[in-house]
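In: Compute the structure for the input listed below.
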Amino acid sequence: MIADVVTQKRTGADREIFSYLVPDRFVDEIKVGSIVSVPFGRRRVLAVVVGLQAESASPYKLKEVLAVDGDFTLPEGYLEIARWIADYYLCSLGEAIALFLPPLLKRKIQVERQAVPPILAEPRPLSADQAEVYRRLEEILLAGAKKPGLIFGVTSSGKTEIYLHLAKRTLGLGKQVIVLVPEIVLTPQIIERFRAVFGDQVALIHSDLAKSERFANWSDFYRGRKKIIVGPRSALLVPSANIGLIIVDEEGDSSYKQDKNPKYQASRLAEEIARNQNALLVLGSATPSTETYYRAKAGEIKLLALKNRYGERAMPQTEIVDLRQEMRAGNFSPLSCKLQEEMGRTLATGGQIFLFLNRRGAATFVSCRECGDVVLCPHCSVPLVYHLGGASSTCEVESGYLSCHHCDYQRSTPSTCPACGGYKIKYFGAGVEKIEQEARRLFPGARVRRVDSKTFTSKQAYFDLYRDLVSGRIDILIGTQMIAKGFDLPSVNLVGVVSADVGLHLPYYKALERTFHLLLQVSGRSGRGEKAGRTVIQTYWPESRAIVAATQHNYDLFYAAEIQERQAHHYPPATRLIRVVSENRDPDQAKEEAQKIAQKAAAAGLEVIGPAKAFLARLRGRCRYHLVIKAKTLPDPVLTEIWRSNPYLYWDVDPENLL
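Out: I've put the predicted structure just below:
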């Protein structure tokens, strides 16, 4: 018997599949999907069997398989999924297969088999609106061909209760359930909701778990000992041949995009896994991505709306504060007079406060604090981005300059405003630490907690934060996008958006959409209990359509203008984008490699933007150039051939940012 195998990582060879002789002692054990150990050059590597044949057509003497892992076999269908990943996301087949392999293969961990307890309890009764959405999704769950469904529900409309009812129905069919959340910080809340109903049948998996616990939970779901798995995008990668339901909560969140090879988007991959396994895919969000909502309105995805909050609670009253007026009034605090007033009132009545700072993009732009004008590229009508260093091709640190990341137009930083001649030029950028200090200064008796990536050092920190919030041990919570979604806390009566503008003018077609989504989501944390909620949005650009639509809690208003802009400029969903980044210590070589790819793509009839300096023009001592290729459909065989000509550049299909 001959085994055709693929190694887990790139080999540097021209081909990916290699043949090995199967010794007689392994003939009854080995199968397609088995993990094997094989000699590769002077190394011994792990590989996955992708085919078995009676004899080899190779003229060379074959080496033998050294060992077979009897504990794991990649389930049927996942090789097909891996081939789709490799074709769509432009990566090697080995990299795609490695996504689904168990952790800790080098060290065996014995996991005791445990009896699965019965369901503990109602999910809670559904409202009439919820029941109708559930009924229509249940019909799809029981059908032969399963179209994905989108629960488009306003914040606090009760999407999680529908998830629980669908999960209970799926388990009743003898199937397993995958539940994805965009942020690790949200897993404690949804885990508690699911465990309250399904007890120990729920497994949790995410990157902050100890390796042994991660493997145990992975193994429990893979072997069917636990029926539900909850976590960020990695929960999708635990393979099973018995999946009946995949839930992607807050489906439009950019956290679902993996930034390392393969650079998959979890909600898109979930759709492919659901198709392959004939499972129901349920996408849920108050702010679905423009692409997903477009497909839902076109009939590709079943659109199911929840237009009212659960219990008929009112949406929070939202007020815009023009920060230009604050400055003219002499208030230079990052917290406006209105926000300070509302914070004092909320604390006096025992309510909780979320202070949100939109720092997405982690970059600066240049604006006039007198008139609000943003310095734009004269050719592309997008904000110029401030860079440290010189505008020459040497990448040496000189004076600052402004650059367009679309056409590479460059200019010096202005000393006065090009629009009004004012001298109050502002380089925008702020931090949650400063907001924390100001909150403590203004309200010394309040219990203030700051949340960012630095404040979490263990998985327990996530559970501690959630329990402290629920028990009322936090009065003011300060953070970035980690606090913008998912939290369902009845005592939060005020949300303050400290700066709605950071990220609003990033040179990327999704900048407005992301700002709108974040503002609508974070505003929705307020007013989920008996008391009415309020939101205060601070901005220098109160006329921005993203801010206006978020203030009105009006998704359709924003979508109507956004889809028109996308179609006019041939951006998704009208087309697909592929970003290519070339890095080199020599800037000329980095630019040359990018130009070669651009020329090949253009010669093949593909539309190309760039190449130009990347947003982060120098990263880790390497100079960076990037370009964007537009394709009508993916996978594209022409694009695949271009990728194969230089796979070691940074290729990103459906990019979430252009940094």
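In: the bottom helix or strand of this protein by mean pLDDT?
Out: strand 385-387 (a mean of 71; mean pLDDT, DSSP states H and E).
In: mind showing which ranges of the chain have poor pLDDT?
Out: Scanning the chain for pLDDT under 70 picks out the ranges 9-14, 56-58, 104-121, 358-364, 380-382, 387-399, 405-407, 427-431, 453-454.
In: What residues of the lengthiest strand in it count as buried?
Out: For the chain, the strand with the greatest residue count under DSSP state E is strand 607-619. Residues of strand 607-619 classed as buried by neighbour count (16 or more other Cβ atoms under 10 Å): V608, I609, G610, P611, A612, K613, A614, F615, L616, A617, R618. All C-beta spots, glycine's among them, are computed from the backbone N, C-alpha and C.
In: Could you do stretch 373-384 as well?
Out: Quick answer for stretch 373-384 (16+ other Cβ under 10 Å): V374, V375, L376, C377, V382, P383, L384.
In: Give me the residues contacting that stretch.
Out: 365-367, 402-407, 409, 411, 414, 417-420, 505-507 (Cβ atoms under 8 Å, 6 or more residues apart in numbering).
In: Can you flag which of those residues belong to helices?
Out: Assigned to helices by DSSP state H, none of the contacts of stretch 373-384 qualify.
In: Which ChimeraX command selects the buried ones in the residues you listed?
Out: Selection of buried members from the contacts of stretch 373-384 for ChimeraX, criterion 16+ other Cβ under 10 Å:
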select :365,366,367,402,403,404,405,406,417,505,506,507
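In: Sort out for me which of the contacts of stretch 373-384 are in strands.
Out: V366, S367, L402, S403, R411.
In: nearest to L577, of these?
Out: Using Cβ to Cβ, S403 is the member of those that lies nearest L577, at 20.3 Å.
In: of all the ones in strands among the contacts of stretch 373-384, which two lie farthest apart?
Out: S367 and S403 (16.1 Å).
In: And the spatially most central residue of the chain, how close does it get to A266?
Out: Per Cα atoms, centre = their mean, the C-alpha nearest to the average position across the chain is that of S255, at 1.9 Å. Using Cβ to Cβ, to the nearest Å, S255 is found at 9 Å from A266.
In: what do the two both touch?
Out: Jointly contacting S255 and A266 under the rule Cβ under 8 Å, 6+ apart are P232, R233.
In: what ranges do the helices span in the stretch 451-600 of the chain?
Out: 459-470, 511-523, 545-551, 555-568, 587-603 (DSSP state H, counting those that start in this stretch).
In: so what secondary structure elements neighbour the second one?
Out: Yep, that's helix 511-523 we're talking about. Secondary-structure packing of helix 511-523 (3 or more Cβ pairs under 8 Å, 6 or more residues apart in numbering; DSSP states H and E): strand 352-357, strand 492-499, strand 534-539, helix 545-551, helix 555-568.
In: Which of the residues in stretch 325-344 are classified as buried?
Out: E326, P334, L335, S336, K338, L339, Q340, E342, M343.
In: Which ones among those residues map onto helices?
Out: E326, K338, L339, Q340, E342, M343.
In: Dump the residues you listed to JSON lines, plus distance to G94.
Out: Formatted as JSON lines, those follow (distance: Cβ to Cβ, whole Å):
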{"residue": "E326", "distance to G94": "56"}
{"residue": "K338", "distance to G94": "56"}
{"residue": "L339", "distance to G94": "52"}
{"residue": "Q340", "distance to G94": "56"}
{"residue": "E342", "distance to G94": "55"}
{"residue": "M343", "distance to G94": "54"}
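In: Going by distance to I537, which of these wins?
Out: The closest of those, once distances to I537 are taken by Cβ to Cβ, is L339, at 9.4 Å.
In: Who are the contact partners of that closest one?
Out: L339 neighbours (Cβ under 8 Å, 6+ apart): V321, G496, V498, V536, Q538.
In: Which one of those sits in the busiest neighbourhood?
Out: G496 (29 neighbours; other Cβ atoms under 10 Å).
In: mind checking how far that residue is from G144?
Out: 50 Å.
In: any idea how far the closest residue to E319 other than its chain neighbours lies from A329?
Out: Once flanking residues are discounted, E319 sits nearest to V536: 5.5 Å by Cβ to Cβ, 6 or more residues apart in numbering. Using Cβ to Cβ, we find V536 at a distance of 16 Å from A329.
In: Same check on I246?
Out: 52 Å.
In: Could you pull out the helices in the stretch 1-150 of the chain for me?
Out: 78-89, 93-98, 128-142.
In: what helices or strands is the first one leaning on?
Out: Using 3+ Cβ pairs under 8 Å, 6+ apart as the contact criterion, the secondary-structure elements in contact with helix 78-89 are helix 93-98, helix 266-277.
In: That one versus helix 266-277: what angle between them?
Out: 140 degrees (axes from the mean of the first three to the mean of the last three Cα atoms, to 10 degrees).
In: Show me which positions of helix 78-89 end up buried.
Out: Those would be Y78, L79, I81, A82, W84, I85, A86, D87, Y88, Y89, for helix 78-89 by 16+ other Cβ under 10 Å.
In: I'd like those residues laid out as a markdown table, including distance to L171.
Out: What follows is the buried residues of helix 78-89, written out as a markdown table (distance: Cβ to Cβ, whole Å):
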| residue | distance to L171 |
| --- | --- |
| Y78 | 22 |
| L79 | 27 |
| I81 | 23 |
| A82 | 27 |
| W84 | 28 |
| I85 | 28 |
| A86 | 33 |
| D87 | 34 |
| Y88 | 31 |
| Y89 | 32 |
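In: Check the offset of stretch 242-259 from the chain's centre.
Out: 8 Å (Cα atoms, centre = their mean, to the nearest Å).
In: quick one: which of the buried residues of stretch 373-384 sit in helices?
Out: Per DSSP H, the buried residues of stretch 373-384 never map to helices.
In: for the residues you listed, which one is nearest Q481?
Out: P383 (20.5 Å).
In: where's that closest one relative to L627, distance?
Out: Distance from P383 to L627, by Cβ to Cβ: 20 Å.
In: And for R525?
Out: From R525 to L627 the distance is 39 Å (Cβ to Cβ).
In: Between these two, point out the one with more neighbours.
Out: R525 (26 against 20).
In: quick check: domain ranges of this structure?
Out: As assigned by automatic domain parsing, the chain contains the domains 2-98, 128-310, 313-362+430-567, 365-427, 576-653.
In: out of those, nearest to L659?
Out: Distance to L659, taken as Cβ to Cβ, is lowest for domain 576-653 among the domains of the chain, at 4.5 Å.
In: what about the closest one, start to end distance?
Out: 8 Å (Cα to Cα, to the nearest Å).
In: so R193 makes contact with T160?
Out: Yes. With contacts counted by Cβ atoms under 8 Å, R193 reaches T160, the gap being 5.9 Å.
In: Make CSV from the helices of the stretch 451-600 of the chain and add mean neighbour count to it.
Out: Formatted as CSV, those follow (neighbours: other Cβ atoms under 10 Å):
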stretch, mean neighbour count
helix 459-470, 17
helix 511-523, 25
helix 545-551, 22
helix 555-568, 16
helix 587-603, 18
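In: Quick one: closest of those to D200.
Out: Among those, helix 459-470 sits nearest to D200 (Cβ to Cβ), with 16.7 Å.
In: quick one: the closest one to strand 352-357, angle?
Out: Using the same axes, to 10 degrees, helix 459-470 lies at 130 degrees relative to strand 352-357.
In: Quick one: residues contacting the residue nearest to E319.
Out: With contact taken as Cβ under 8 Å, 6+ apart, V536 is in contact with T318, E319, V321, S336, K338, L339, E342, L494, V495, G496, V497.
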